[in-house]
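A.B. asks: Here is a sequence together with a model predicted from it:
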Amino acid sequence: MCGAPVQEETLDRTLPANVDPATASIIQGRVVRDGEPVAAAYVRLLDATGEFTAEVVSSASGAFRFFASPGRWTVRALAPGASGSADLEAGVGFTETRVEIS
């Protein structure tokens with residue numbers, strides 16, 4: 001069993017008290033397959049060199065969120081029989097992405 005935290009159902013701009021969007025990068029989005037949300041996908045955050053940084057489990061609506069530092073990141077999603085990834089440049093504040101798996 002993976003120790004990755006389950007994500008919230010909705011993606012909004014509500015943050016924990018200890019996260020400052022003026023200094024942090026909030027990477028959030030959805031995992032989808034054929035336009036439909038994918039629940040319980042393992043979503044991994046990889047740094048610019050491809051090193052594993054963090055992992056969460058997507059919500060029932062496919063939602064995921066990471067708190068990181070600004071920079072180049074890859075978000076990779078893995079579900080039974082499918083995978084996909086998205087490369088992005090995250091700045092300070094919110095960076096929205098979508099990971100299409102097939």
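C.D. replies: Nice, thanks for sending it over.

A.B. asks: Which helix or which strand is home to the nearest residue to Glu89 once chain neighbours are set aside?
C.D. replies: Distances taken as Cβ to Cβ, 6 or more residues apart in numbering put Arg72 closest to Glu89, at 5.6 Å, once the chain neighbours are dropped. No exception for glycine: its C-beta is placed from N, CA and C like everyone else's. Per DSSP states H and E: Arg72 is located in strand 71-79.

A.B. asks: packing partners for that strand?
C.D. replies: The contact analysis (3 or more Cβ pairs under 8 Å, 6 or more residues apart in numbering; DSSP states H and E) places strand 71-79 against strand 25-33, strand 42-46, strand 63-68, strand 82-90, strand 93-100.

A.B. asks: hang on, the earlier thing: and the residue nearest to Glu89, how far from Val31?
C.D. replies: Taking Cβ to Cβ, to the nearest Å as the criterion, Arg72 is separated from Val31 by 20 Å.

A.B. asks: more neighbours, those two?
C.D. replies: Ranked by neighbour count (other Cβ atoms under 10 Å), Arg72 and Val31 place Val31 first, with 31 against 12.
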